[in-house]
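# coords below, sequence missing:
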């Protein structure tokens, strides 16, 4: 296998376009309103001081409310990211489900001749179809799992290798997974032409082939989806602003906890609170980064190798194989 250069290049272009919008939230209108708010605040401060002769004081409640609002934003970002990861996982499961359904539907394909002269050849043809179907489904799942990691299959595993022309086609293809799915469709159509399966049954099987393509493109759409750079930039800016202004506020408020007998009580609490606040807010920000690359996060969370071996075993068991000629193509190494 090798890194999918085309996918990597496209993702890089999408990422660069997203980065250009990173500061889109900092528009001229936003800056104008921010400047006007500064002017209004200054005017109110001066007017209050002039009329009353007192210096206005601001409590910590506004800062606390800002922190609560910022925390809710970060939590919402984490929830959205987890939702996208779940969607990516559902695409993987949809692909595996379609593979299993096709193996079951291969039961529809049967011999058309019963006379002794042609029955044996027909039986071998059906057996070969089922063998090739399971092999190609294993190959498509193997290639799809590589696609999840941003890699591309160049040479199939030894157990899944086909003809030399097939290997050359796969090595030259920009999307090997789609090429293998096309081979599955061609294999099914050959059975229709040989009258081994009805048109209605072919339509049902091709519906599952379409499910394979849909799952592949669903994953591709998530891989190429632009990251919410503007939201990330906005959240990061205000996390930094809040945390680094919260620290001195905490320190000032904890000065009152010092006493002649405990001179480090306030200092200890201030340091602990500051560390906890930074850990909480920056940790929430990091946890929300799954929203940027949900497909990649899904591939890191799923045991893809175990899933691949389990699917291979299921396909061999689900296919109608009275002669027990179809092996489990992919087996975990001890």
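Now that the structure is in, tell me what you want to look at. Remember, predicted model here, so these are calculated numbers, not experimental data.

# Distance-wise, check residue 105 relative to residue 202.
In this view, residue 105 and residue 202 are 10 Å apart by C-beta to C-beta, to the nearest Å. All C-beta atoms are positioned from the backbone trio N, CA, C, and that covers glycine.

# er, residue 318 I mean
Going from residue 318 to residue 202 by C-beta to C-beta gives 19 Å.

# before we move on, what about residue 310?
With C-beta to C-beta as the criterion, residue 310 and residue 202 are 28 Å apart.

# Comparing those two, which shows the higher neighbour count?
Taking neighbours as other C-beta atoms under 10 Å, residue 310 and residue 202 compare with residue 202 leading, 20 against 14.

# for the strand or helix carrying residue 128, packing partners?
Using DSSP states H and E, residue 128 sits within helix 116-148. Contact analysis of helix 116-148 by 3 or more C-beta pairs under 8 Å, 6 or more residues apart in numbering; DSSP states H and E lists helix 61-105, helix 176-193, helix 199-224, helix 294-301, helix 304-318 as its packing neighbours.

# for the last one, what is the average pLDDT?
It stands for helix 304-318. Helix 304-318 shows a mean pLDDT of 88.

# what sits up against it?
Contacts with helix 304-318, where a contact means C-beta atoms under 8 Å, 6 or more residues apart in numbering, come from 92, 96, 99-100, 103-104, 134, 137-138, 141-142, 145, 148-149, 326-332.

# Now it: buried residues?
Residues of helix 304-318 classed as buried by neighbour count (16 or more other C-beta atoms under 10 Å): 304, 308, 309, 311, 312, 315, 316, 318.

# For the residue lying closest to residue 179 once chain neighbours are set aside, give its distance to residue 140.
Once flanking residues are discounted, residue 179 sits nearest to residue 173: 4.4 Å by C-beta to C-beta, 6 or more residues apart in numbering. Using C-beta to C-beta, residue 173 is found at 12 Å from residue 140.

# When these two are compared, which one has more neighbours?
For residue 173 versus residue 140, the count of surrounding residues by other C-beta under 10 Å is larger for residue 140: 28 against 17.

# Which residue, other than its chain neighbours, is closest to residue 290?
Spatially, and ignoring its direct neighbours in sequence, residue 290 is nearest to residue 81 (3.6 Å; C-beta to C-beta, 6+ apart).

# burial of that neighbour, as a residue count?
Residue 81: 20 surrounding residues under other C-beta under 10 Å.

# From residue 84, how far out is the residue nearest to the spatial centre of the chain?
Nearest residue to the geometric centre of the chain (C-alpha atoms, centre = their mean): residue 295, 1.8 Å. From residue 295 across to residue 84, the span is 9 Å (C-beta to C-beta).

# Name the residues contacting each of the two.
Residues touching both residue 295 and residue 84 by C-beta under 8 Å, 6+ apart: residue 222.

# Correct me if wrong: the residue nearest to residue 290 contacts residue 286.
No - using C-beta atoms under 8 Å, residue 81 makes no contact with residue 286, being 10.7 Å away.

# what sits against residue 326?
By C-beta under 8 Å, 6+ apart, the contact list for residue 326 reads 130, 131, 134, 316, 319.

# What are the neighbouring residues in contact with the first one?
Right, the one you point to is residue 130. Residue 130 neighbours (C-beta under 8 Å, 6+ apart): 106, 109, 319, 320, 321, 326.

# just the buried members of those?
Burial by neighbour count, judged by 16+ other C-beta under 10 Å, picks out 106, 109, 319, 321, 326 from the contacts of residue 130.

# right, and the third one touches residue 134 too?
The one in question is residue 319. Yes - between residue 319 and residue 134 there is a contact under C-beta under 8 Å: 5.4 Å.

# Now do the shared contacts for these two.
Residues within reach of residue 319 and of residue 134 at once, by C-beta under 8 Å, 6+ apart, are 103, 326.

# Low-confidence ranges, the protein, go.
In the predicted model of the chain, residues 1-26, 55-60, 110-119, 226, 254-266, 334 satisfy pLDDT under 70.

# Tell me how many other residues surround residue 325.
10.

# again, but for residue 197
Considering only other C-beta under 10 Å, residue 197 is surrounded by 23 other residues.

# Repeat that for residue 217.
Neighbours of residue 217 (other C-beta under 10 Å): 12.

# same question, residue 89
Taking other C-beta under 10 Å as the criterion, the count of residues near residue 89 is 17.

# Surely it and residue 300 touch.
No - Residue 89 is beyond contact range of residue 300, at 11.3 Å (criterion: C-beta under 8 Å).

# Please enumerate the shared neighbours of the two.
Counting by C-beta under 8 Å, 6+ apart, no residue touches both residue 89 and residue 300.

# ok, now which ones touch residue 97?
Residue 97 makes contacts with residue 211, as judged by C-beta under 8 Å, 6+ apart.

# and if we set it to 10 Å?
Residues near residue 97 by C-beta atoms under 10 Å, 6 or more residues apart in numbering: 90, 208, 211, 212, 215, 311.

# surely residue 125 meets residue 195?
No - using C-beta atoms under 10 Å as the test, residue 125 is too far from residue 195 to be in contact (11.5 Å).
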